[in-house]
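Chemist: Mind folding the following:
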Amino acid sequence: MSIGVLVVDDSALIRSLLSEIINQQKDMHVVGVAKDAYIAKEMVNSLSPDVITLDIEMPKVNGLTFLDKLMKARPTPVLMISTLTEQGAEATLRALELGAIDYIAKPKLGVSEGISIYQQEIVDKIRLVFQAKVFKSRVNSIARKNNQFDSFLKQKIIAIGASTGGCEAIKVIIESLPITSPPVVITQHMPAGFTASFAQRLNNVCNVAVKEAQDGEVLVQGTVYIAPGNKHLLIVAKNEEYRVKLDEGEPVSGHKPSVDVMFSSLAQAAGKQVAATILTGMGKDGAKGLLALRQSGAYTVAQSESSCVIYGMPKEAVKISAAIEQTDLDLIAQRLLERTAKPLINKNTH
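Modeler: Coordinates of the predicted model:
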């Protein structure tokens, strides 16, 4: 089956470049091009594309407004065209909230050259988006104020690894954590320049504090640490504390930051004190690290296929028995909290 792609971009040059790249592939073709949202709306209705590539900055109606209306009226897999700037990162994260599956990061300068250089990434992402499930906006089923858990052991750690679809999956989990949560460390495949904006957006809507991780800082209760783009996040034990170590080494499992690196460091530093989950995403990153965690005595859970945008990373973890269990996204926060809470004391027991 050939993937039918609708290209929506106000730049004639970008429309031409993307069309040329897509039409060179044996498994995809361009069904139409649109320079603005009005034309795109008509083409969506008449052409029924399998995938839409969508620019954020467009005249008349911007890409986010179009995306919002599209996902409500006719949900379709969307690949955003974004820029590697702070403003571009904010808009892209908003697009993911609205239902876009993934994004292509335009270079700051020389867009036409950048599109040509990254043509393999572009077609790979179109294939990925085509395979993805399109979900409506999620309403978190767990109350943000969760009072069924007592105080937490400070040495406990929650760890989360994710890729495609992970931004919204992570949000579902983090919004459910109380301020008494153990420290949380997260590796989400994301380029430099995006992770700080991602952390700030979560910080604005969650009970816990959310920040981009800094080298050498001590993990503290009620705080979430997100691996910076283009740096591996490791956790080391030092002087009865857990500290962040950022590493600028080579990509691992094809990624930097790598979930495998973070999980493996936690297996060595904290072992059974960890509750870890691997979420939606393409590829194998995180599977071996999650297995190392399970073998060290940690609790490990994989997101269920039915709730994943892309059931790649969890599938690989399950395949090698790295996950103790699988469960739906809306239940993962509860599982992680249950495994890191102190046993409740029955006051009637003498």
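
Chemist: for Val31, helix, strand, or coil?
Modeler: Under DSSP: H, G, I helix; E, B strand; the rest coil, the three-state class of Val31 is strand.

Chemist: ok, now the one 10 residues further on?
Modeler: On the three-state scheme (three-state DSSP), Lys41 is labelled helix.

Chemist: Looks like it contacts Lys60 (just checking).
Modeler: No: using CB atoms under 8 Å, Lys41 is not in contact with Lys60; the gap is 11.1 Å. C-betas here are computed from N, CA, C, even on glycine.

Chemist: With neighbour numbers in mind, choose between those two.
Modeler: Set Lys41 next to Lys60 and count neighbours by other CB atoms under 10 Å: Lys41 wins out with 18 against 12.

Chemist: From Thr76, how far off is the more buried one?
Modeler: From Lys41 over to Thr76 the distance is 11 Å, taken as CB to CB, to the nearest Å.

Chemist: cool, and Leu329?
Modeler: As judged by CB to CB, Leu329 and Thr76 stand 22 Å apart.

Chemist: Which of these two has more residues huddled nearby?
Modeler: Leu329 (25 against 20).

Chemist: Not counting its neighbours along the chain, what's nearest that one?
Modeler: The shortest distance from Leu329 to any non-neighbouring residue, by CB to CB, 6 or more residues apart in numbering, is to Ser307 (4.1 Å).

Chemist: Mind pulling up the pLDDT for Ile104?
Modeler: What the model reports as pLDDT for Ile104 is 85.

Chemist: likewise Glu325?
Modeler: What the model reports for Glu325 is a pLDDT of 97.

Chemist: next one: Asn239
Modeler: For Asn239, pLDDT reads 79.

Chemist: now it: how far from Gly281?
Modeler: As judged by CB to CB, Asn239 and Gly281 stand 34 Å apart.

Chemist: Compare these two (neighbour count), which wins?
Modeler: Neighbour totals were compared for Asn239 and Gly281, and Gly281 leads with 30 against 6 (other CB under 10 Å).

Chemist: Pull the contacting residues for that one.
Modeler: Shown in contact with Gly281 (CB atoms under 8 Å, 6 or more residues apart in numbering): Gly161, Ala162, Ser163, Thr164, Gly165, Gly166, His189, Ile310, Gly312, Met313, Pro314.

Chemist: Looking at those, which is nearest Leu233?
Modeler: Taking CB to CB as the measure, Leu233 lies nearest Gly161 of the contacts of Gly281, at 10.2 Å.

Chemist: So for the closest one, what's the nearest residue that isn't a sequence neighbour?
Modeler: Nearest one to Gly161, counting by CB to CB, 6+ apart, is Val259 at 3.2 Å.

Chemist: and if you look at Met43?
Modeler: Gly32 (4.5 Å).

Chemist: can you check Tyr103 too?
Modeler: Per CB to CB, 6+ apart, closest to Tyr103 is Met80, 4.0 Å.

Chemist: Does the helix or strand where the one you found lies pack against any helices or strands, and if so which?
Modeler: Met80 is part of strand 78-83 when elements are defined by DSSP states H and E. The contact analysis (3 or more CB pairs under 8 Å, 6 or more residues apart in numbering; DSSP states H and E) places strand 78-83 against strand 51-55, helix 63-73, helix 86-98, strand 102-106, helix 119-131.

Chemist: Mind doing that once more with 10 Å?
Modeler: Where contact means 3 or more CB pairs under 10 Å, 6 or more residues apart in numbering; DSSP states H and E, strand 78-83 is packed against strand 3-8, strand 51-55, helix 63-73, helix 86-98, strand 102-106, helix 111-117, helix 119-131.

Chemist: Which strands border that strand, and is each parallel or antiparallel?
Modeler: Strand pairing for strand 78-83, using DSSP bridges, gives strand 51-55 (parallel), strand 102-106 (parallel).

Chemist: Could you pull out the helices in the stretch 201-350 of the chain for me?
Modeler: Remark: helices assigned in the stretch 201-350 of the chain by DSSP state H, counting those that start in this stretch are 259-269, 287-295, 313-319, 329-340.

Chemist: That's all I had, so thanks and see you.
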